[in-house]
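S.K.: Pasting the sequence and the predicted coordinates here, then a few questions.
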Amino acid sequence: GEELADLGHRHGRLTELRTTSGLRVRARAFIDCSYEGDLMAAAGVSFTIGREANATYGEIYNGQQRHPSHN
C-alpha cells in the first residue's frame, strides 16, 4: 500500500527507500516484488524483460519445458 518516493545510496549500494507517506525503510538487502520492477528501475539496476538470448548465459533450452509434464 506504499508508493516509492526516493532512494538512499551509500558507496554505490542501495541503503534506504522512502515512500510518499514518509515511511523510511533501511536494510542490508532489498527484494523488488513489484509487478513492474519499480525498485530496480528507480535504483538504476540493469534488467531484462522477457527471456535473454541463449548465448547470454550459454543456455540451450532456456524457457523450454524438456519434460512431458511440469516438474
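M.R.: Looks like it came in fine. Residues are numbered from 1 along each chain as shown.

S.K.: can you pull the pLDDT of the closest residue to Arg26 other than its chain neighbours?
M.R.: In space, and not counting its chain neighbours, Arg26 is closest to Glu16: 4.7 Å by C-beta to C-beta, 6 or more residues apart in numbering. All C-beta spots, glycine's among them, are computed from the backbone N, C-alpha and C. Looking at Glu16, its pLDDT reads 96.

S.K.: what's the answer for Gly1, then?
M.R.: 83.

S.K.: I'd like the numbering to begin with 9 instead of 1 from here.
M.R.: Got it, the first residue is 9 from now on, which makes the last one we talked about Gly9.

S.K.: what's the burial count for it?
M.R.: By the criterion of other C-beta atoms under 10 Å, Gly9 has 4 neighbours.

S.K.: Check the gap between it and Leu31 for me.
M.R.: 10 Å (C-beta to C-beta, to the nearest Å).

S.K.: Over to Ile57?
M.R.: The gap separating Ile57 from Leu31 is 28 Å, by C-beta to C-beta.

S.K.: Neighbour count: those two, which is higher?
M.R.: Summary of the neighbour comparison: Ile57 and Leu31, criterion other C-beta under 10 Å, with Leu31 having more neighbours (11 against 6).

S.K.: can you pull the contacts of that one?
M.R.: Glu10 (C-beta atoms under 8 Å, 6 or more residues apart in numbering).

S.K.: Helices of this protein, start to end?
M.R.: Along the chain, counting by DSSP state H, helices occupy 46-51.

S.K.: can you give me how far the lowest-mean-pLDDT helix or strand in the chain is from the chain middle?
M.R.: Every helix and strand of the chain was ranked by mean pLDDT, DSSP states H and E. The lowest is helix 46-51, at a mean of 89. A distance of 7 Å separates the centroid of the chain from that of helix 46-51, by C-alpha atoms, centre = their mean, to the nearest Å.
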